[in-house]
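Colleague: What shape does this take:
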Amino acid sequence: MLRKLLQPFYTAYVIITFTVSILAAFPFFVLLSFGDNPTARKAIYTIIKVWAEGWMFCIGMPVTRIGPRPTAGRYVVVANHISYMDTLVIFPAIPGYFRALGKKEISRIPIVGFIYKQIVIMVDRGSLHSRARSMHLMWRVLHREGNIIVFPEGTFNETPDKILLPFYDGAFRLAINTQTAIFPMILPDTVDRWNFTAWWKLWPGRNRVVYLPPVPVADMTMDNLPALKQQVFDVMAAELRKYDYYKDR
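Modeller: Down below sits the predicted model:
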């Protein structure tokens, strides 16, 4: 009952602080966007990373990291996807610079879409050309810039009985083609921070990020892709079941 009474006020606070802080930083994003190169993108990434961690602390959603950090190197990072909050938590969560694979549709949102286009590799899953282009860009980032983060489920998991949606092949194909280890992690709390059922279902609390052991792909070929995908799925599902929201799935 108390939560229902307070939730509108908390949601308003989150929206106001988000809007004001993004508008304040927006001129810097515009200036840096003229660079359109790895240095400019890394500067934008740094601003977002610092802002995300600070803003989430101010709204009562601090990020807590659990598990050993992976050793230095580049990774194809994969995580579960169940909340809009996932896209913010990954900035303080992932060690080192990264670029994300994301839906092209998000780029149409005013202001946020502009920032999104500067750092995300966009893909239209309905276009073979777009998928091929995004794979090439991710390959280039891994070789020249930093990590890649992919939500292998492709969209929110809104199913009441499935702990994870079936994984797409893309992240695992990229890992094998580039011989880059996969770094799985789980976000067990974001569904409680911003529930997918309604945009106003925001509530404060911790955001735990659980690091899982990297999965090497050395000497693997495309014949190993199904087994690799299932291995990562099983590891992530087993870890998620340790947390309340996922226990009965």
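Colleague: can you give me the strands for this structure?
Modeller: Ranges of strands within the chain are 63-66, 76-79, 98-103, 120-123, 147-150, 182-186, 207-211, based on DSSP state E.
Colleague: Deepest-packed of these, please.
Modeller: strand 76-79 (a mean of 27; mean count of other Cβ atoms under 10 Å). For the C-beta atoms, the positions are set from N, CA and C on the backbone; glycine is no exception.
Colleague: quick one: strands adjacent to that strand?
Modeller: According to DSSP bridges, strand 76-79 forms sheet pairs with strand 147-150 (parallel), strand 182-186 (parallel).
Colleague: so where's the protein uncertain?
Modeller: Low-confidence segments of the chain, defined by pLDDT under 70: none present.
Colleague: before we move on, back to that, which stretch among the strands paired with strand 76-79 approaches Lys201 most closely?
Modeller: Closest approach to Lys201 among these is made by strand 182-186 (20.7 Å; Cβ to Cβ).
Colleague: Put the alpha carbons of stretch 242-249 into CSV.
Modeller: This file holds the C-alpha atoms of stretch 242-249, laid out as CSV (Å, rounded to 0.1, in the frame of the first residue of the first chain):
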residue,chain,number,x,y,z
LYS,A,242,19.6,-18.1,-7.1
TYR,A,243,17.6,-14.8,-7.0
ASP,A,244,14.0,-14.4,-5.8
TYR,A,245,12.4,-13.2,-9.0
TYR,A,246,13.7,-16.2,-10.9
LYS,A,247,13.6,-19.0,-8.4
ASP,A,248,10.3,-20.6,-9.6
ARG,A,249,11.1,-20.4,-13.3
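Colleague: Need the residues that contact it.
Modeller: Identification of contacts with stretch 242-249 by Cβ atoms under 8 Å, 6 or more residues apart in numbering yields Pro160, Asp161, Lys162, Ile163, Pro188, Asp189, Val191, Asp192, Leu240, Arg241.
Colleague: where's the residue found closest to the last one once you drop the neighbours it is linked to in the chain relative to Phe29, distance?
Modeller: The spatial neighbour of Arg241 that comes closest, neighbours along the chain excluded (Cβ to Cβ, 6 or more residues apart in numbering), is Lys247 at 6.0 Å. In this structure, Lys247 lies at 41 Å from Phe29, with Cβ to Cβ, to the nearest Å as the measure.
Colleague: And for Leu174?
Modeller: In terms of Cβ to Cβ, Leu174 sits 27 Å off from Phe29.
Colleague: what's the answer for Tyr97, then?
Modeller: Tyr97 is 17 Å from Phe29, by Cβ to Cβ.
Colleague: Ok, Gly73 next?
Modeller: Going from Gly73 to Phe29 by Cβ to Cβ gives 29 Å.
Colleague: which of those two has more neighbours?
Modeller: Between Gly73 and Phe29, counting by other Cβ atoms under 10 Å, Phe29 is the more crowded of the two (19 against 11).
Colleague: check contacts around the nearest residue to that one once chain neighbours are set aside.
Modeller: If the residues on either side of it in the chain are set aside, Phe29 comes closest to Ile115, at 5.3 Å by Cβ to Cβ, 6+ apart. Ile115 makes contact with Ile22, Phe26, Phe29, Ile44, Ile48 under the criterion Cβ under 8 Å, 6+ apart.
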